[in-house]
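# Curious how this folds, go ahead:
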Amino acid sequence: SGSIFMGYQRMVSNPNNSTNTLVKYYNKQYKEQDLFKDLTIQSPANTTYTTYESKVRFHGKYDPNFDVTINGTKIIPTKSGEFLDDYELKIGANSFVLKHKGKSITYNITRKVKVLKSISPASDISVSGGSKVILQAVAYKGSSVYATVNGKRISLELTVGNDETDRESSYGTYGGVYTVPKGTSSVQNLGRVKIVASFEGFTETQTGGNIKIKKYIAYVPPTVIEHPEDIKNDTKYEFDLKSQVEFVTNQTVVYDVEATGAEYGSPVSYPVPKGTIDYIVSQEPEKGTPKYYILQSGRKVRAGDVKKTVGKEMGNNHLSGVNISSTDTSTVIDLSVKWKSAFNITFNPINFKAVGDKLYYLENFNPNTVTITFDYTTVVPKIPKELFKDNKLFTSSRWERSLVGGVPKVMLKLTLKKSGVYYGCDASYSSDGKLSFRFNNPGDGFKGMKFVLDPGHGKGDTGAIGSYTMDGEKIIVNERDLNWTMANLLKDRLVAQGATVEMIDSKSTQYSLAQRVAFAQKRDPAIYIAVHHNSSSSSNSTGVETYYNTPFSKPLAHSINNRLGQYYNQTFYTDGKNRNRGDHFSEFYVTRVHDFASILVEYGFVNNPTELKKLCTSNYQKGLADATIQGLKDYLDLAR
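Residues are numbered from 1 along each chain as shown. Purely as a prediction, here's the structure:
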């Protein structure tokens with residue numbers, strides 16, 4: 001092994017930097033094993049392939065003492081000989097030749113155009129009159145996409161905010177909502193869904209499933225009767241014991257019963273505790289193995305989250321022994337129950353709007369009442385007014401009752417001390433039949449308030465990868481490292497102001513999404529923040545955005561994003577362009593928590609070299625951390 005120079009002049013000519021490397025070797029600046037370090041490519045995995053993506057990323061390592069070129073152009077390396085470069089693909093054949101130490105690797109990549117990748121619903125569905133059908137298409141980002149159903153055209157918008165989204169892909173999910181007509185005395189056939197997508201002169205159409213409307217079922221509006229005193233309903237309500245089910249998973253996700261095609265749980269349905277009893281009235285699909293059960297209480301749950309039982313619970317649940325206690329950090333409402341029936345926690349008033357295929361966007365969150373609805377319940381106790389004396393969260397309560405779909409329901413209306421100030425609730429059944437609600441109280445600033453910080457990605461998961469050039473050297477950055485730095489900056493600032501902070505050690509331990517949520521729930525925080533940095537298919541994307549799922553997390557997302565947006569617009573950039581991308585409803589796993597306010601912050605774009613360079617600069621990192629803390633102060637000030 002080694003090198004041979006065919007004469008002195010050849011050595012003087014320094015072919016491929018070989019003479020300089022030899023001098024480094026004799027000066028002990030170059031290890032012998034590096035002489036045999038060849039070019040290795042991490043991506044792409046294959047040298048010949050076909051893709052529908054618009055770009056290719058070359059990521060690899062090589063001996064930094066010798067140049068690497070792609071199609072004759074020298075790559076700017078890191079000091080250790082790593083490189084990361086994206087190249088646009090033209091439609092048709094693309095060839096890339098990588099050369100290093102006299103060896104070459106050729107990549108032949110064919111780019112084809114497929115504007116529309118998939119659509120939903122792809123199979124036939126049968127829905128109730130007046131319900132909503134989620135329409136989705138996976139198409140090139142930047143496409144114009146619409147659907148037609150029953151002669152009506154529905155525009156589909158590019159959506160973000162769920163764990164399955166590949167941010168760096170050329171494809172994105174477009175979505176919209178179609179509200180079907182009211183039911184009639186016979187089945188209505190609306191025909192098949194058609195979705196059309198157009199991109200840079202290419203147009204494709206796909207035909208999906210057929211939509212039928214079930215026969216009309218008379219809608220009986222709920223009867224609501226206000227009862228400021230005791231509710232004692234002597235009517236006997238009975239349900240089919242053969243269809244009784246028990247929930248076998250804790251905090252079972254509830255889906256929107258009025259929306260077909262929704263992949264994620266409804267943010268306005270509190271997760272059902274393990275041991276709760278309910279009754280099946282139908283299943284989806286209607287034939288074959290059920291994926292979902294529709295329950296008598298009006299809930300829609302996955303069939304695997306419940307088990308059929310033959311029990312004795314027949315409705316007519318009784319609540320008794322109410323007790324309300326309060327500390328600086330929480331308000332606890334304890335009740336004794338006759339049996340473990342379902343309940344829900346909602347807010348009034350509240351107004352949602354649909355954006356794309358997302359049904360639960362909020363302009364603002366400012367309810368004055370928190371309502372706990374107890375299903376199958378007919379008897380409740382009085383709640384003395386003095387139990388709310390000096391309470392930080394609620395000022396009073398009242399009972400109402402209603403009958404919805406044959407199910408007796410009782411609502412406990414709790415008046416908030418200040419409209420819109422609500423920090424979440426942990427509710428559960430105990431083994432002895434007690435039902436407990438623990439609400440987070442507003443804090444007095446940061447002092448004593450508990451936070452959980454979650455640096456996204458971590459061990460075994462780099463997150464997004466980006467690079468920038470500085471002083472002739474390529475700097476490659478993993479998102480997880482930026483997340484870790486930012487989370488630590490936030491922790492230091494919160495602790496300095498008296499807060500209690502728990503941080504997920506994603507750097508040394510690999511955490512799944514479920515484990516991250518479980519970590520937070522065990523710590524009972526008032527606020528959870530997932531720290532991330534963004535990426536997209538365009539290297540020109542800039543700015544900051546924040547995501548929420550539960551309605552009461554909207555003010556937290558808005559307050560923080562507002563301050564981060566100001567920092568971006570006034571300091572991070574000075575060109576007058578708005579980099580505040582806004583706060584958005586999301587379906588990220590870590591934001592779908594009802595126990596506490598939870599958000600996910602995207603601090604900036606790793607795949608934009610100019611922005612990434614700033615995101616790696618200490619002064620800008622500190623500025624972003626300070627802006628986040630100021631946003632938290634704004635949020636906590638809402639309770640004053």
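
# which residues touch Ala137?
Taking CB atoms under 8 Å, 6 or more residues apart in numbering, we find Ala137 in contact with 116-120, 145, 147, 156, 173-175, 195, 197, 206. In this view, the C-beta of every residue, glycine as well, is placed from N, C-alpha and C.

# in this structure, which spans are helices?
Assigned helices in the chain, in chain order: 8-13, 18-26, 479-496, 513-523, 554-567, 609-615, 618-637 (criterion: DSSP state H).

# Okay, buried residues for the fourth one please.
Yep, that's helix 513-523 we're talking about. Across helix 513-523, burial judged by 16 or more other CB atoms under 10 Å covers 516-517, 519-521, 523.

# With pLDDT and distance to Val248 added, can I get those in TSV?
Formatted as TSV, the buried residues of helix 513-523 follow (pLDDT from 0 to 100; distance: CB to CB, whole Å):
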residue	pLDDT	distance to Val248
Arg516	97	23
Val517	97	19
Phe519	97	23
Ala520	97	23
Gln521	96	19
Arg523	95	26
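
# Could you dump those residues into JSON lines with distance to Tyr52 added?
Shown next, in JSON lines, are these (distance: CB to CB, whole Å):
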{"residue": "Arg516", "distance to Tyr52": "33"}
{"residue": "Val517", "distance to Tyr52": "34"}
{"residue": "Phe519", "distance to Tyr52": "38"}
{"residue": "Ala520", "distance to Tyr52": "38"}
{"residue": "Gln521", "distance to Tyr52": "40"}
{"residue": "Arg523", "distance to Tyr52": "44"}
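
# Return the member of those nearest to Lys312.
Nearest to Lys312 among the buried residues of helix 513-523 is Gln521, at 32.1 Å by CB to CB.

# was I right about the closest one contacting Val590?
No - here Gln521 lies out of contact with Val590, judged by CB atoms under 8 Å, at a distance of 11.1 Å.

# what stretches of this protein score poorly on pLDDT?
Across the chain, the ranges flagged by pLDDT under 70 are 1-3, 35, 217-234.

# how about 50 then?
Counting by pLDDT under 50, the chain has low-confidence residues at 228-229.

# how far away is Val495 from Lys450?
Note on Val495: its distance to Lys450, by CB to CB, to the nearest Å, is 12 Å.

# If you count surrounding residues, which of the two has more?
Between Val495 and Lys450, Lys450 has the larger neighbour count (other CB atoms under 10 Å), namely 19 against 13.

# OK, contacts around that one?
The contact partners of Lys450, taken as CB under 8 Å, 6+ apart, are 329, 499-502, 523-527.

# Among these, which lie within strands?
In strands, defined here by DSSP state E, the members of the contacts of Lys450 are 500-502, 527.

# how about these in a markdown table, adding neighbour count and distance to Tyr423?
Putting the ones in strands among the contacts of Lys450 into a markdown table (neighbours: other CB atoms under 10 Å; distance: CB to CB, whole Å) gives the following:
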| residue | neighbour count | distance to Tyr423 |
| --- | --- | --- |
| Thr500 | 16 | 15 |
| Val501 | 20 | 16 |
| Glu502 | 18 | 16 |
| Ile527 | 26 | 8 |
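
# And those residues, which is closest to Asn250?
Out of the ones in strands among the contacts of Lys450, the member with the shortest distance to Asn250 (by CB to CB) is Glu502, at 21.1 Å.

# From Thr546, how far out is the closest one?
Taking CB to CB, one finds Glu502 at 21 Å from Thr546.

# and what of Gln510?
For Gln510, the distance to Thr546 equals 25 Å [CB to CB].

# between these two, who's got more neighbours?
Per other CB under 10 Å, whichever of Gln510 and Thr546 has more neighbours is Thr546, with 32 against 11.

# Leaving out sequence neighbours, find the closest residue to that one.
In this structure, Thr546 finds its nearest non-sequential neighbour in Asn561, 3.9 Å apart by CB to CB, 6 or more residues apart in numbering.

# Enumerate every residue touching that neighbour.
Here Asn561 is in contact with 544-546, 580, 582-583, 601, 631 (CB under 8 Å, 6+ apart).

# Buried only: go through those residues for me.
Buried by 16+ other CB under 10 Å: 544-546, 580, 583, 601, 631, out of those.

# These into TSV, with extra columns for distance to Ser43?
Output for these, formatted as TSV (distance: CB to CB, whole Å):
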residue	distance to Ser43
Val544	28
Glu545	27
Thr546	30
Asn580	33
Asp583	33
Val601	28
Gly631	37
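
# In strands, which of those appear?
Using DSSP E, the members of the buried ones among the contacts of Asn561 that fall within strands are 544-546, 580, 583, 601.

# Distance from the chain centre to stretch 463-474, please.
What separates the centre of stretch 463-474 from the centre of its chain is 28 Å, taken as CA atoms, centre = their mean, to the nearest Å.
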